[in-house]
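# predicted model and sequence below, questions to follow.
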Amino acid sequence: MVDRYRIRHWANLLNLSTPLGRGLASLGHARTHPWENGLIVATEHRLPYPPVPAFTVGNVVLVRATYDDLLALDATRPELMIHEARHATQYAFCLGPVMLPLYLGACSWSWIRTGDWWSHNVFERRAGLSEGGYQRNPTRAHRRRLLRG
């Protein structure tokens with residue numbers, strides 16, 4: 001493993017975000033599998049929230065898909081796991097679980113600005129909106145100006 005991923009691994013272990021991710025995987029009855037660059041994928045998780053196909057807590061990427069489906073998706077869209085890996089790095093920089101309220105605040109800010117939780121969310125933008133499957137939307141004020149003509 002490359003040094004930067006080893007540092008991320010240990011940072012997320014020590015800041016307790018990876019153990020939290022493993023706990024969520026267990027709570028959601030997910031199956032865990034080692035992945036590239038020190039990540040762990042937890043497939044077939046059954047937690048109702050957040051209602052997204054994949055989310056990351058520490059070095060754990062929780063996905064609703066089966067492992068085989070994830071492998072097929074990664075073969076056609078590897079940028080999704082790159083996006084999730086960037087979130088793992090964000091956990092290391094944000095001192096682990098501290099990232100959760102920061103992320104929710106960023107979601108709220110984006111919702112106020114655009115009506116979606118990703119377009120103006122600093123964490124999603126830094127992880128790569130398009131890599132995560134998101135489309136950047138204009139702010140509500142900009143949309144109002146466009147509608148007025």
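Right, received. Where do you want to start? For clarity, every value in this text was computed on a predicted model and none was experimentally measured.
# got the buried residues for stretch 104-113?
By neighbour count on 16 or more other Cβ atoms under 10 Å, the buried set for stretch 104-113 is Ala106, Cys107, Ser110, Trp111, Arg113. C-beta here means a position set from N, CA and C on the backbone, and glycine is covered the same way.
# swap in stretch 46-65?
Across stretch 46-65, burial judged by 16+ other Cβ under 10 Å covers 47, 54-65.
# those residues in strands, which ones?
Judged by DSSP state E, the subset of the buried residues of stretch 46-65 located in strands is Ala54, Phe55, Thr56, Val57, Val60, Val61, Leu62, Val63.
# make CSV out of those and add distance to Val98 and pLDDT.
As requested, those are exported to CSV (distance: Cβ to Cβ, whole Å; pLDDT from 0 to 100):
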residue, distance to Val98, pLDDT
Ala54, 21, 91
Phe55, 17, 94
Thr56, 15, 97
Val57, 12, 97
Val60, 17, 98
Val61, 19, 97
Leu62, 19, 97
Val63, 24, 95
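# which one of those is nearest to Leu129?
Proximity of those to Leu129 was ranked by Cβ to Cβ; the top entry is Ala54 with 14.4 Å.
# against Leu70, how distant is the closest residue to that closest one other than its chain neighbours?
Of all residues not flanking Ala54 in the chain, Val63 sits nearest, at 4.5 Å (Cβ to Cβ, 6 or more residues apart in numbering). Applying Cβ to Cβ, to the nearest Å, the value for Val63 to Leu70 is 6 Å.
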